[in-house]
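Undergrad: Structure for the following, please:
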Amino acid sequence: MPHYNITVRSPMSQEAAFDYMADLTNFEEWDPGVSSSKLKDGEMPGKGTSYTLKASGAELVYETLEYERPTRTVVEAKSSLLRSYDIIEVTPGPDGGSNITYDATLELNGPLGLFNPVLGLYVKGIFEKAGRGLEKALNGVIVS
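TA: Numbers count the residues shown, from 1 in each chain. Below you'll find the predicted structure:
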């Protein structure tokens, strides 16, 4: 299954970086694969909040499963074809800044799972562009 993990060191405070990342309406600002991101239900951001994202021609509804400000949030989207599971962790960085780790896993459901390696090849470039966009949005530098 396709997996992407990146850590960006940012001059943003832990709280500011977390608030930016936990609000999925910001995804279209940094992820070129996302053409639209809107609040669907709930108080944003927070546990139980859901967002509708249009990405690479598909519409996905992400639900916030975990929300522990200012350190960790977990969101998941499920459709008949695939599942996306994203973990965002923010830790204090040097000089009042922060380290933001974004960990995303995509997997095709059921028998389509046989094609996860092909999906991995397809989304590799998308993940890399999103990482560069995240680096720019956080005014940071990729450290891993």
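Undergrad: And the most centrally placed residue in the chain, what's its pLDDT?
TA: Closest to where the C-alpha atoms of the chain average out (CA atoms, centre = their mean) is Asp86, at 5.4 Å. pLDDT, Asp86: 96.
Undergrad: in the strand or helix carrying it, what's buried?
TA: Asp86 is part of strand 82-92, with elements assigned from DSSP states H and E. Buried residues in strand 82-92, counted by 16 or more other CB atoms under 10 Å: 82, 84-90. Quick note: C-beta positions are derived from backbone N, CA and C, even for glycine.
Undergrad: Pick out the most distant pair among these.
TA: Using CB to CB, the buried residues of strand 82-92 span at most 26.2 Å, a distance reached by Leu82 and Val90.
Undergrad: Flag every buried residue along stretch 59-67.
TA: When neighbours are counted by 16+ other CB under 10 Å, the buried residues of stretch 59-67 are found to be 60, 62-64, 67.
Undergrad: Can you verify my assumption that the residue nearest to the centre of the chain contacts Leu106?
TA: No. Using CB atoms under 8 Å, Asp86 is not in contact with Leu106, being 9.4 Å away.
Undergrad: re earlier: determine the set of other helices and strands touching the strand holding Asp86.
TA: In terms of contacts (3 or more CB pairs under 8 Å, 6 or more residues apart in numbering; DSSP states H and E), strand 82-92 is packed against helix 14-22, strand 58-68, strand 72-78, strand 98-108.
Undergrad: Can you find the helix or strand of this structure with the lowest average pLDDT?
TA: One helix or strand of the chain scores below all others by mean pLDDT, DSSP states H and E: helix 116-137, with a mean of 77.
Undergrad: Can you list the neighbours in contact with stretch 74-94?
TA: Under the contact criterion CB atoms under 8 Å, 6 or more residues apart in numbering, stretch 74-94 has outside partners 9-10, 14, 17-18, 21-22, 24, 51, 53, 58, 60-66, 70-73, 98-109, 112, 119.
Undergrad: try 6 Å this time
TA: Residues external to stretch 74-94 that are found in contact with it (CB atoms under 6 Å, 6 or more residues apart in numbering): 9, 14, 17-18, 21, 60-66, 70-73, 98-108.
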